[in-house]
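Student: Here you go, sequence then predicted model.
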Amino acid sequence: MSSDAPARPVVVAVDGSAGSDHALEWALTAARLRQAPLRIVHVRQYAMPMADGPYLPPPVEHGPDADPVTDRVRRTLEGRTDLPPLTIEAVDGAPGPDIPRLGDEAQLLVVGSRGRGGFTSLLLGSNGLACARDAACPVVVVRPGDELTEGAEPCVVLGLDALSPHEDTIGFAFAEAARRGAVLRVVCAYPGPVLVYTATGDFATSVEVDAASAAQYTELAGEQLGPFQERCPKVTVEQQILPGDAAAVLVEASQDAELVVVGRHRNRRFLGRLLGSVTNAVLLHARGAVAVVPPESR
């Protein structure tokens, strides 16, 4: 590929909800930081056939520039001078499968955590989950109302699986921290503390075993991060090697982070195996934006 080839766009899905408003702002910043164009897309639900009945009435025909959601986006952006090159469009389709496909030619796909449909109590909507599960490029799921405290030091959190690391996930986190001038906090959890049965019939924590586990995981993390630190020497890296459940540790670390970065598994047969229990829990419970990076992402 030529070095002067146009950058792949950042793509954001909008639907007029508060969640998509936050996703749009996040995507605008991401496109500027990447010096990339931004593609803003509203996937309108087309009529679906009933399982045992006639088709629903055909949808109202819209002209290319007659969509209330994209019209609202244009009004929101009107007069702003900080915009990257962008396009705004509406397409008819099925949001569940079609929004993830927007990532096929994108460098990043940004979605809100919950759209207009579904239950307001849900922390993550079905479209956000589908994108995190199926999109070909990294996906950022943005939750509204979770802005950082003003003046807080920018921080990107990387969830590192020391026993099965994803190089694409590590590289994405380093690049994002470098773009944002943020500290990269690498969080790695190991099983523990270990309980042992004592001669008196009681359970006690094995300090020696716990310390050995911490040392092992610290060494593994250092080996995995070293090459990336050499490529990004200006990124300040903080390592947190902690005992406990990885999901709980990452959710706690997300409280003062701009972004939490986690990986996605290769197995596409089952939802749980594809996202993994840790990634799924982080998507559901982490504060703010979460990036899910697929294996072998471009």
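Tutor: Cool, the structure landed. Residues are numbered from 1 along each chain as shown.

Student: Please make it C-alpha for all contacts and neighbour counts, starting now.
Tutor: Will do.

Student: The longest helix seen in the chain - contacts with which helices or strands?
Tutor: As assigned by DSSP state H, the longest helix anywhere in the chain is helix 207-231. Helix 207-231 sits against helix 167-180, strand 183-190, strand 237-243, with contacts defined as 3 or more C-alpha pairs under 8 Å, 6 or more residues apart in numbering; DSSP states H and E.

Student: let's see 7 Å
Tutor: With contacts taken as 3 or more C-alpha pairs under 7 Å, 6 or more residues apart in numbering; DSSP states H and E, helix 207-231 sits against no other helix or strand.

Student: got the buried residues for that helix?
Tutor: 210, 213-214, 217-218, 220-221, 224-225, 228-229 (16 or more other C-alpha atoms under 10 Å).

Student: what about the strands in the protein?
Tutor: 10-13, 38-45, 86-93, 108-112, 139-142, 155-159, 183-190, 195-197, 203-205, 237-243, 259-263, 289-293 (DSSP state E).

Student: In terms of secondary structure, what does the first one contact?
Tutor: So the one you mean is strand 10-13. helix 18-34, strand 38-45, strand 108-112.

Student: Determine which stretch of those is the most buried.
Tutor: strand 108-112 (a mean of 30; mean count of other C-alpha atoms under 10 Å).

Student: That one vs strand 38-45, what angle?
Tutor: Angle, strand 108-112 to strand 38-45, by axes from the mean of the first three to the mean of the last three C-alpha atoms, to 10 degrees: 50 degrees.

Student: who's in contact with strand 108-112?
Tutor: Strand 108-112 is contacted from outside by 10-13, 19-20, 22-23, 27, 103, 128, 137-143, using C-alpha atoms under 7 Å, 6 or more residues apart in numbering.

Student: what lines up beside it in the sheet?
Tutor: strand 10-13 (parallel), strand 139-142 (parallel) (DSSP bridges).

Student: so how far is the last one off the chain centroid?
Tutor: To tie it back to what came earlier, the one meant is strand 139-142. From the chain centre to the centre of strand 139-142 is a distance of 4 Å (C-alpha atoms, centre = their mean, to the nearest Å).

Student: go on, stretch 91-107?
Tutor: 16 Å.

Student: Alright, I will stop here.
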